[in-house]
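> Predicted model, plus sequence, below.
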Amino acid sequence: MDAAKIKAYADKLYQAERNRKAIAPLTGQDSSLTVDDAYQIQLENVKAVLSLGHVISGKKIGLTSPGIQKQMGVDEPDYGHLYAAMDCKDGKVNTAALLQPKIEGEIAFILKADLAGGKVTREDVIKATDYVVASFEIVDSRIADWKIKLPDTIADNASSGRYVLGANKVRLGDVDLTKVTMKLYKNQGELVGEGTGAAVLGDPCISVAWLANRLWTYGVTLKAGEVILSGAFSAAPLATKGDSFRAEFSTLGTVEAQFV
């Protein structure tokens, strides 16, 4: 796809986010849109956001469960960029700044070393990780009614929105992430999701290794200090103003979010 089209589609998504008005799926507007085109659209908007003074704080990985991959007709995850402004440090999520948010319980990796090259392994990820924490990813789509195909969500920064990090820092040597369990509760204790770390590509460490290797094809390196959201433990319920959520993880503790 030529650069003019890439820029035009990027602009549509950029304006949709800022105006908080969703647009029709890009794949409906252009059936020729490929995954590589979509990543170029995403990167075009990364440049636009950075030009405003925002800072990249990490990356997110999506489509990590076999069920979601089957639903989307793909055989690998996708990724998007996180910015420092997305970090809801007090656990409060400004609903008015989003279009149609959903929430996912995940494990977040905080890196202490770069992960570069195209042959990053699970063991490399363990060595490069400072600690992990319980986290929420608040996903959001600039595509109307979440009617997305793979190129739509990739172009839309993998449907990134906001994130919340838990306070309990755990070293990877102290936990088997594949056996970590999570229960997601809404409002007055309604159980709305549950899962285990094994749902994330079999092992969240493998998910982070996949990301490092995929990014390398675009010349991008995971950096020390970055937050890596490794993938959802369960399906993402919708979140509206007034909702509160609590995710309870074995070993990692809890994380809470309020939509205000």
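Yep, it's here. Remember, it's a predicted structure, so these values are computed and weren't measured experimentally. Residues are numbered from 1 along each chain as shown.
> Would you mind identifying the next helix or strand past the helix or strand where Ile107 lies?
Counting by DSSP states H and E, the element that carries Ile107 is strand 102-111. Moving toward the C-terminus from strand 102-111, the first helix or strand encountered (DSSP H and E) is helix 122-128.
> Just name the shakiest helix or strand of this protein by mean pLDDT.
Across the helices and strands of the chain, mean confidence by mean pLDDT, DSSP states H and E is lowest for helix 66-72: a mean of 68.
> Now the element after that helix, going C-ward?
Under the assignment DSSP H and E, the closest C-terminal helix or strand after helix 66-72 is strand 78-83.
> Check which helices and strands the helix or strand that that following strand is followed by sits against.
On the C-terminal side of strand 78-83, the nearest following helix or strand under DSSP H and E is strand 92-93. In terms of contacts (3 or more C-beta pairs under 8 Å, 6 or more residues apart in numbering; DSSP states H and E), strand 92-93 is packed against strand 253-259. C-beta: built from backbone N, CA, C; applies to glycine.
> Flag every buried residue along the strand it packs on.
The neighbour-count criterion (16 or more other C-beta atoms under 10 Å) identifies 254-259 as the buried residues of strand 253-259.
> same deal with stretch 179-187?
Of the residues in stretch 179-187, those buried under the neighbour-count criterion (16+ other C-beta under 10 Å) are 180, 182-186.
> How about stretch 141-148?
Result for stretch 141-148 [16+ other C-beta under 10 Å]: buried residues 141-144, 146, 148.
> can you put the residues you listed in CSV and add secondary structure?
What follows is these, written out as CSV (DSSP: H, G, I helix; E, B strand; the rest coil):
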residue, secondary structure
Ser141, coil
Arg142, coil
Ile143, strand
Ala144, helix
Trp146, helix
Ile148, coil
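> Of the residues you listed, just say which sits nearest to Ala24.
The shortest gap between Ala24 and any of the buried residues of stretch 141-148 belongs to Ala144, at 6.1 Å (C-beta to C-beta).
> how much space between that closest one and Ala224?
Distance of Ala144 to Ala224, computed by C-beta to C-beta, to the nearest Å: 38 Å.
> Okay, and Cys61 sits in which element?
Check again: residue 61 is Ile, not Cys. Ile61 belongs to strand 56-62 when assigned by DSSP H and E.
> and that strand, what does it pack onto?
Checking 3+ C-beta pairs under 8 Å, 6+ apart, strand 56-62 ends up next to strand 78-83, helix 204-216, strand 227-232.
> picking that back up, what's the closest of the buried residues of stretch 179-187 to Glu123?
Top of the list for closeness to Glu123, among those and by C-beta to C-beta, is Val180 at 18.8 Å.
> Can you tell me which one of the buried residues of stretch 141-148 sits lowest on pLDDT?
Minimum pLDDT across the buried residues of stretch 141-148 is recorded for Ile148, with 90.
> contacting residues around that residue?
Contact criterion C-beta atoms under 8 Å, 6 or more residues apart in numbering gives 25, 141, 156, 159 as the residues in contact with Ile148.
> most surrounded residue in the residues you listed?
Greatest neighbour count in these, by other C-beta atoms under 10 Å, goes to Asp156: 28 neighbours.
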